[in-house]
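> got a predicted model here, sequence first, then my questions.
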Amino acid sequence: MKISLCIMTLVLLLATGCAAYGPSPASGYPPGVGIPNVGSPQGYGQEYGPDMDMDYMYNYLAPHGNWVHMDPYGYVWTPRHMGYRWRPYSQGHWVMTDYGWTWIANEEWGSIPFHYGRWGYDDDFGWFWVPGTVWGPAWVSWRWSNQYAGWAPLPPGVEFRAGMDFASLSFSIPSRFWIFLQAPHFLDRDIYRFTLPYERNVTIINITTIHNNIYVRNNRIFNEGMGIDNVRRVTRQQVPRYKIQDVQKPGPARVVGNDLQVYRPAFRTNATAKPKAILNRDQARQELAPAKVFELRQQLPVSAQQAAVQKRQAEEKTLLQKTQAQELKNIQSKRAAEQAQVRDTAEKAKIQKDYQTKTAELQKQHQAEKQQLTERHKQDTEQVKRVPQPAKKEKQAPPAKKKKGA
């Protein structure tokens, strides 16, 4: 009875927008707070990997970021040294495994935060990760069309349990947090190069559909996403299927023959475990706020980091222009196809008029996107210029030579 009431309460909370990405009301997320995803569903997901305490998770991620105490989640983690406008699930690639679409991250720490827990965003210090104990191939929501493929990290509070109809759950993801690319590039290994600037997202969301196909199959969590047949058709490639093979040491996942070797401990919930170093919200705001746009890697010169930002901005501008042009071309092709199916002159004229209206509306949206991208690039460039340069080490004078006979 208690379990049924808990499930009903969770569904109601999610349906009313309670699954917000973060508690900050100014963050652009729906109002309300999420439910920390720290529990493990019973009956599946515990047959893999070494048995680990939550302490291991805290210690493993500490060198790669900061632990922050944030209500209502408790301890959350923020990555360090991310590139320009970094987002979760943006640097890596997808492979099909016996668990469905599985994310292979480029980040050296990616074996845990992209397969356990949930990601949220806060206006004060950017992306943060809420720990969880249940492994999944990728905790994302999917959108798809013949032209675009997209995904976004599931927000804190969206917890998957056996028997739940995940596709029916209602939760809101802000438009700018979706990652989209042209569908033919979905299987590319360097996805980051093809991810579109998020100024395009509102338009693309309107021409894609949700595909939330996460479910339990053979006692394991399976992530089907948009479906392997759709991917084969749009990419015009065969999709190899790999078998998950557990390894005992942490590190990036890698393909070896027909296997995908992954590190996925079975974490035990431990209410007494906590990180050794913890920032409070004010400390995190001061230290992490620049990371929302750009965070300097101390081992590289500032000029090199600025050049990397400029390069990415140029790529975003090119991708925006290319995809906008393709959308206009597609709408004209649809008009021509519809007119070719009718003989009546008046009907052809009506089709022409309808598509002229659609084209004008699309061009208006495109112009707004260009203006938004230009403004963001301008603001980001100014912020990058203000990044403090690392202090130069003063050269020490060589020790004076002793005089002979002294």
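Happy to help now that I have it.

> sketch out the low-pLDDT regions of the stretch 101-250 of the chain for me.
The model of the stretch 101-250 of the chain has pLDDT under 70 over residues 160-170.

> where along it do the helices fall?
201-205, 228-235 (DSSP state H, counting those that start in this stretch).

> packing partners of the first one?
On a contact count with 3 or more C-beta pairs under 8 Å, 6 or more residues apart in numbering; DSSP states H and E, helix 201-205 meets helix 345-385. To be clear about C-beta, it is placed using only N, CA and C from the backbone, and glycine gets the same treatment.

> how far away from the center of its chain is the helix it packs on?
25 Å (C-alpha atoms, centre = their mean, to the nearest Å).

> so what secondary structure elements neighbour that helix?
Using 3+ C-beta pairs under 8 Å, 6+ apart: helix 345-385 touches helix 201-205, helix 302-340.

> go ahead and flag the most central residue of the protein.
Pro88 (3.1 Å; C-alpha atoms, centre = their mean).

> tell me the pLDDT at that one?
Confidence at Pro88, expressed as pLDDT, is 97.

> could you list every residue that touches it?
Contact analysis of Pro88 by C-beta atoms under 8 Å, 6 or more residues apart in numbering lists 113-114, 119, 127, 129, 153.

> identify the farthest-apart pair in these.
Spatially, the most separated pair among the contacts of Pro88 is Phe114 and Trp127, at 12.0 Å (C-beta to C-beta).

> and the helices of the stretch 101-250 of the chain, which is most packed in?
helix 201-205 (a mean of 20; mean count of other C-beta atoms under 10 Å).

> now find how far off-centre that helix is within its chain.
Worked out by C-alpha atoms, centre = their mean, helix 201-205 lies 16 Å from the chain centre.

> show me the contact partners of that helix.
So helix 201-205 is contacted by 143, 148, 150, 175-176, 178, 180, 196, 327, 362, 365-366, 369 (C-beta under 8 Å, 6+ apart).

> let's see that with 10 Å instead.
143, 145, 147-150, 152, 173-181, 196, 198, 208, 323-324, 327, 362, 365-366, 368-369, 372 (C-beta atoms under 10 Å, 6 or more residues apart in numbering).

> work out for me the element the residue nearest to the centre of the chain sits within.
Using DSSP states H and E, Pro88 falls within no helix or strand.

> look up phi and psi at it.
phi -60, psi 150 (degrees, to the nearest 10).

> equivalent analysis for Val262, please.
According to degrees, to the nearest 10, Val262 has phi -130, psi 150.

> check what pLDDT the residue nearest to it when sequence neighbours are not counted gets.
Spatially, and ignoring its direct neighbours in sequence, Val262 is nearest to Ala253 (4.5 Å; C-beta to C-beta, 6 or more residues apart in numbering). Looking at Ala253, its pLDDT reads 94.

> same deal with the one 10 residues further on?
Model confidence at Tyr263, expressed as pLDDT, equals 93.

> how much space separates it from Asn59?
Separation of Tyr263 from Asn59 (C-beta to C-beta, to the nearest Å) stands at 15 Å.

> go on, Phe114?
From Phe114 over to Asn59 (counting by C-beta to C-beta), the distance is 18 Å.

> joint contacts of Phe114 and Trp127?
88, 153.

> show me the protein divided up by domain.
2-292, 302-384 (automatic domain parsing).

> deepest-packed of the ones you listed, please.
Taking mean count of other C-beta under 10 Å, domain 2-292 is the most buried of the domains of the chain, at a mean of 18.

> Trp77 versus the residue nearest to Val262, what's the distance?
19 Å.

> excluding chain neighbours, give the residue nearest to Val309 in space.
Tyr84 (4.7 Å).

> wait, is the one you found part of a helix?
No: Tyr84 sits outside any helix when classified using DSSP: H, G, I helix; E, B strand; the rest coil, being coil.

> I'd assumed Arg297 was in contact with it.
No: contact criterion C-beta atoms under 10 Å: Tyr84 and Arg297 do not qualify, at 11.8 Å.

> give me the common contacts of the two.
Here Tyr84 and Arg297 have 305, 308 as joint contacts, going by C-beta under 10 Å, 6+ apart.

> rewinding a little: right, and the helices of the stretch 101-250 of the chain - which one's nearest Ala307?
Once the helices of the stretch 101-250 of the chain are compared by C-beta to C-beta, helix 201-205 is nearest, at 26.7 Å.

> so who does Ser141 touch?
150-155, 158, 166-167, 169, 171, 173, 177-178, 210-212, 214, 225.

> recalculate using a threshold of 7 Å.
151-152, 154, 173, 210, 212 (C-beta atoms under 7 Å, 6 or more residues apart in numbering).

> distance of it relative to Asn280?
31 Å.

> now do the contacts for Trp101.
Per C-beta under 7 Å, 6+ apart, neighbours of Trp101: 94, 137-138, 223, 225.

> Arg241 contacts Gly100, correct?
No: using C-beta atoms under 7 Å, Arg241 is not in contact with Gly100; the gap is 9.8 Å.

> that older thread, could you find which two of the contacts of Ser141 are furthest from each other?
With distances taken as C-beta to C-beta, the most widely separated pair in these is Leu154 and Ile210, at 12.5 Å.

> my guess is Thr323 contacts Phe194, does it?
No: using C-beta under 7 Å, Thr323 is not in contact with Phe194, being 10.1 Å away.

> overlap in contacts, the two.
Gln182.
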